[in-house]
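> Quick one: sequence and predicted model below, then my questions.
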Amino acid sequence: MTKRDKTQNGQRVGYRWLALIAVLFCELMVHAWVRTESSQTIVKISNAQVGITKAISYGKALSLERDRLKSDTRITKIARTHLGLSTDTFNQTIYLSGDDR
């Protein structure tokens, strides 16, 4: 084996190591990217779940407020105090449809 063959053989081994290192580096970069994206997705899902929980809670609070505002005792109290209606008119209930506006 000549000196030239040894040099070419050494270069081939060096290129193989360089290619192996490049492949490993690319694998590590892909792995890091996947982990980062996974972590960001988990954070987004957690934020969405918090938002859903808040929206459900707000909807329940609005439903309770609506029920309080629609209660017969509240409407009767307003009719007596602010509108001056007597007890005789409480037996006469008039329903208005929303289309007559």
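Perfect, thanks for sending it. Numbers count the residues shown, from 1 in each chain.

> CA only for contacts and neighbour counts going forward, please
Will do.

> From Leu69, how far out is Thr81?
According to CA to CA, to the nearest Å, Thr81 and Leu69 sit 16 Å apart.

> just Ala22 next, same as before
70 Å.

> Same question for Gly59.
Distance from Gly59 to Leu69, by CA to CA: 15 Å.

> can you check Gly14 too?
When Gly14 is compared with Leu69 (using CA to CA), they lie 82 Å apart.

> next one: Asn9
90 Å.

> same question, Tyr95
Separation of Tyr95 from Leu69 (CA to CA) stands at 17 Å.

> now do Gly51
Counting by CA to CA - Gly51 and Leu69 are separated by 27 Å.

> low-scoring stretches of this protein, by residue?
1-6, 87-92, 98-101 (pLDDT under 70).

> again, only this time at 80
1-10, 84-101 (pLDDT under 80).

> top helix in it by residue count?
helix 3-70 (DSSP state H).

> Check the offset of that one from the chain's centre.
Computed by CA atoms, centre = their mean, to the nearest Å, the separation of helix 3-70 from the middle of its chain amounts to 18 Å.

> and what of stretch 68-87?
Worked out by CA atoms, centre = their mean, stretch 68-87 lies 42 Å from the chain centre.

> Can I get it in PDB, CA atoms only?
Output in PDB follows, covering the C-alpha atoms of stretch 68-87 (Å, rounded to 0.1, in the frame of the first residue of the first chain):
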ATOM      1  CA  ARG A  68     -82.900  36.500  39.300                       C
ATOM      2  CA  LEU A  69     -84.000  39.300  36.900                       C
ATOM      3  CA  LYS A  70     -87.000  37.200  35.700                       C
ATOM      4  CA  SER A  71     -88.200  36.200  39.100                       C
ATOM      5  CA  ASP A  72     -91.900  36.900  39.800                       C
ATOM      6  CA  THR A  73     -91.200  38.300  43.300                       C
ATOM      7  CA  ARG A  74     -88.800  40.900  41.800                       C
ATOM      8  CA  ILE A  75     -91.200  41.900  39.100                       C
ATOM      9  CA  THR A  76     -94.100  42.100  41.600                       C
ATOM     10  CA  LYS A  77     -92.000  44.400  43.900                       C
ATOM     11  CA  ILE A  78     -91.100  46.700  41.000                       C
ATOM     12  CA  ALA A  79     -94.800  46.800  40.000                       C
ATOM     13  CA  ARG A  80     -95.900  47.800  43.500                       C
ATOM     14  CA  THR A  81     -93.100  50.300  44.200                       C
ATOM     15  CA  HIS A  82     -92.200  52.000  40.900                       C
ATOM     16  CA  LEU A  83     -95.400  51.600  38.900                       C
ATOM     17  CA  GLY A  84     -97.900  52.000  41.800                       C
ATOM     18  CA  LEU A  85    -100.000  48.900  40.700                       C
ATOM     19  CA  SER A  86    -102.600  47.600  43.200                       C
ATOM     20  CA  THR A  87    -103.200  44.000  44.200                       C
END
